[in-house]
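Participant: let me see the structure of the following:
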Amino acid sequence: MRQWQRNCIIVVITAAITLGCGLLFNGFFSRQTSQRFLPDQAVCPDTLDATAPIEDLRAIPQDIRPFAEKLSQTMAADMRHRTAQQFGQRYFAPWTATEPLFNVRTVTKEVEQLAARTWYGENRLRVEPTHMQSLLALADREHFPSTNQSGIVVKPAFIRILPTNRPFYGAPDDAPFDHLQFAEIKPNEPVRILHTSKDGAWLYIETSYANGWVDPDTIRLADAAMRHRMINAKQIVVVRDFAEVRTEAGKVLPQPKIGTLYPLVREEQDHWVIDAAIAGDDQHAILATARIAKNDARRHPVSLDPEAVTRIGNELLKTPYGWGELYRDRDCSATTRDFFLAFGIWLPRNSRRQLISGPFVSLAGLSATDKENRIRGQAIPFRTLLHQPGHVMLFVGMHDNKPVIMHTTWALRYRPENCAEKKYIIGRTILSTLEVGKELSLTKGTLLDRLDGMLLLPVADWQRDEPDLNNPPADTL
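Facilitator: Alright, predicted model coming up:
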């Protein structure tokens, strides 16, 4: 091989080696450069959960007892008596009212507004307008109301805004906020049956605090004798979620939650003997004699004393978050409503209606210090609701000179430095201050910043509750 050929080969090999090293170095440099950004990704996860508790959850014992033991302002006997009378009138209103409890035109208008919005299904895809129109047609609004009958709940039922079990989310990743889910109604609750869907698969009913579509299998007709028995009997109320109720024949009935009422038959050493509504042979309900353990229920209304407050409050602290009581869990207003049910204080269903159900103390426009001073001076532990738009809380007392609340909440929104907005998922009922999560960079401020009012219970006047179908998802603070 000639010398110039050998030189050419050497030049080509050298160039190839140089190029390969350059590519190798560039690849290494690229990897190192990209790795320098990994720490940013590590501090900006998609979602955080409460595995590393925020300061309030470390500092405040998640136990109602220390607050309940300081309870001094209970309800006097005459107040309890008046409140119990008012409770009975409101609770049994679906059977006793001479006109619908809810304005039909208002409900229809709000459903139409809801139908005009963009929704996403459980597959995270947009709900087609044709599907919405089919649901509206199924509701047969042209013939509403088509009936007017007294009914009773024979097993826990979910009230839906439209006749479907499919969820409607406001965004593809908006779970668990299914806007068609309104509330759970408890066994033995009185209802008014107003309508049937075209396919017969849904009933439209109203309770004293909510209205919408339910599974017909959960409702039966209540005749005059049953209604008379239910209205006039002494009652016991469930104080432990998912208590066992067993008929004298040994059949286990659907598990009730706190606030479920049963007519009392008699008291035994270890059990209450009660009447429970069950499905009869036809479309009517019948009353079956059943038993529930003494520890799981009390005579209604329960005395607002430290023992009862501790028992019911700590039971509620076990509750996971459930928008509209989905999966038999609770949202903020379900927690406050169930707490007061046991003590014979009736409340509407959603947070806004609860606040305006009586004369409330406005806190809007006050500084954080003035709000705290107003709470210290006027709020009564376990008898005061605190409110901010979309969220309601129960004031339980003071801890280190700060107001403490019990509330069921989903998440805190915050924004770490150089990151997009994130969520700190709480997803349960907690005890906290009104500045829960203040150590985070909260994007909407603290609860105290947005607090706009408080309501002292019980109140004398009753305002009818209208469903608030357009209320945005609550409890994302």
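Participant: which one is the residue most central in space within the chain nearest to, not counting chain neighbours?
Facilitator: Central residue of the chain (Cα atoms, centre = their mean): Asp331, 1.5 Å from the mean position. The shortest distance from Asp331 to any non-neighbouring residue, by Cβ to Cβ, 6 or more residues apart in numbering, is to Trp323 (5.3 Å). Yep, even glycine has a C-beta here, placed from its N, CA and C like the rest.
Participant: need the phi and psi values for that neighbour.
Facilitator: phi -60, psi 130 (degrees, to the nearest 10).
Participant: can you give me the strands in the stretch 1-150 of the chain?
Facilitator: Remark: strands assigned in the stretch 1-150 of the chain by DSSP state E, counting those that start in this stretch are 149-153.
Participant: so the residue nearest to Asp331 touches Gly170, yeah?
Facilitator: No. Look at Trp323 against Gly170 with Cβ atoms under 8 Å: they stay out of range, at 11.4 Å.
Participant: neighbour count winner among those two?
Facilitator: Ranked by neighbour count (other Cβ atoms under 10 Å), Trp323 and Gly170 place Trp323 first, with 24 against 15.
Participant: check the gap between the more buried one and Arg450 for me.
Facilitator: Separation of Trp323 from Arg450 (Cβ to Cβ, to the nearest Å): 20 Å.
Participant: for Ile60, same thing?
Facilitator: 20 Å.
Participant: which one's more surrounded, those two?
Facilitator: A count of neighbours by other Cβ under 10 Å puts Ile60 above the other of Ile60 and Arg450, at 20 against 17.
Participant: in contact with the more buried one, which residues?
Facilitator: Going by Cβ atoms under 8 Å, 6 or more residues apart in numbering, Ile60 touches His399, Val404, Leu431, Ser432, Thr433.
Participant: at 6 Å what do you get?
Facilitator: Residues near Ile60 by Cβ atoms under 6 Å, 6 or more residues apart in numbering: His399, Leu431.
Participant: next: the one 4 residues further on.
Facilitator: Neighbouring residues of Ile64 by Cβ under 6 Å, 6+ apart: Thr310, Gly313, Asn314.
Participant: now do the phi/psi pair for it.
Facilitator: According to degrees, to the nearest 10, Ile64 has phi -70, psi -30.
Participant: please name the nearest non-neighbouring residue to it.
Facilitator: Spatial nearest neighbour of Ile64, excluding adjacent residues (Cβ to Cβ, 6+ apart): Gly313 at 3.3 Å.
Participant: same thing with Leu135?
Facilitator: Leu162 (4.7 Å).
Participant: I'd assumed Ser134 was in contact with that neighbour.
Facilitator: No. Between Leu162 and Ser134 there is no contact, the gap being 10.2 Å when judged by Cβ atoms under 6 Å.
Participant: who has more neighbours out of those two?
Facilitator: Counted by other Cβ under 10 Å, Leu162 and Ser134 do not tie: Leu162 has more neighbours, with 21 against 12.
Participant: helix/strand/coil for that one?
Facilitator: coil (DSSP: H, G, I helix; E, B strand; the rest coil).
Participant: in terms of pLDDT, where does it sit?
Facilitator: If you check Leu162, the pLDDT there is 96.
Participant: what residues of stretch 355-372 count as buried?
Facilitator: Buried residues in stretch 355-372, counted by 16 or more other Cβ atoms under 10 Å: Leu355, Ser357, Gly358, Phe360, Leu363, Lys371, Glu372.
Participant: how about the CA coordinates for that stretch, as PDB?
Facilitator: Taking C-alpha atoms only, stretch 355-372 is exported to PDB below (Å, rounded to 0.1, in the frame of the first residue of the first chain):
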ATOM      1  CA  LEU A 355     -75.200  29.700  57.100                       C
ATOM      2  CA  ILE A 356     -78.300  31.600  56.000                       C
ATOM      3  CA  SER A 357     -80.700  29.300  57.800                       C
ATOM      4  CA  GLY A 358     -80.800  31.900  60.700                       C
ATOM      5  CA  PRO A 359     -79.500  35.300  61.600                       C
ATOM      6  CA  PHE A 360     -75.700  35.100  61.200                       C
ATOM      7  CA  VAL A 361     -72.900  37.300  62.300                       C
ATOM      8  CA  SER A 362     -71.100  38.800  59.300                       C
ATOM      9  CA  LEU A 363     -67.300  38.700  59.300                       C
ATOM     10  CA  ALA A 364     -66.800  40.000  55.800                       C
ATOM     11  CA  GLY A 365     -64.300  42.900  55.500                       C
ATOM     12  CA  LEU A 366     -62.800  42.400  58.900                       C
ATOM     13  CA  SER A 367     -59.000  41.900  59.400                       C
ATOM     14  CA  ALA A 368     -57.800  38.500  60.500                       C
ATOM     15  CA  THR A 369     -57.200  39.700  64.000                       C
ATOM     16  CA  ASP A 370     -60.700  41.200  64.300                       C
ATOM     17  CA  LYS A 371     -62.300  38.000  63.000                       C
ATOM     18  CA  GLU A 372     -60.500  35.900  65.600                       C
END
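Participant: can you tell me what sits against that stretch?
Facilitator: With Cβ under 6 Å, 6+ apart as the criterion, stretch 355-372 contacts Pro348, His387, Leu448, Leu451, Asp452, Gly453, Met454, Leu455, Val459, Gln463.
Participant: could you list the low-confidence segments of the chain?
Facilitator: Filtered on pLDDT under 70, the chain yields the residue ranges 1-52, 460-477.
Participant: dihedrals phi and psi, Ala225?
Facilitator: phi -60, psi -40.
Participant: gap between the residue nearest to Ile64 and Ile258?
Facilitator: 10 Å.
Participant: higher neighbour count, the two?
Facilitator: Ile258 (26 against 22).
Participant: which residues does the more buried one contact?
Facilitator: Here Ile258 is in contact with Val238, Val239, Asp241, Asp338 (Cβ under 6 Å, 6+ apart).
Participant: most neighbours among these, please name it.
Facilitator: Using other Cβ under 10 Å as the neighbour test, those are led by Val238, with 31 neighbours.
Participant: for it, give me phi and psi.
Facilitator: According to degrees, to the nearest 10, Val238 has phi -70, psi 130.
Participant: please give the element, helix or strand, for Thr429.
Facilitator: Taking DSSP states H and E as the criterion, Thr429 maps to strand 422-433.
Participant: my bad, should have said Gln354
Facilitator: helix 351-355.
Participant: so what strands line up beside the helix or strand following that helix?
Facilitator: Per DSSP H and E, helix 351-355 leads on to strand 361-362 as the next helix or strand towards the C-terminus. Applying DSSP bridges, strand 361-362 is found paired with strand 453-456 (antiparallel).
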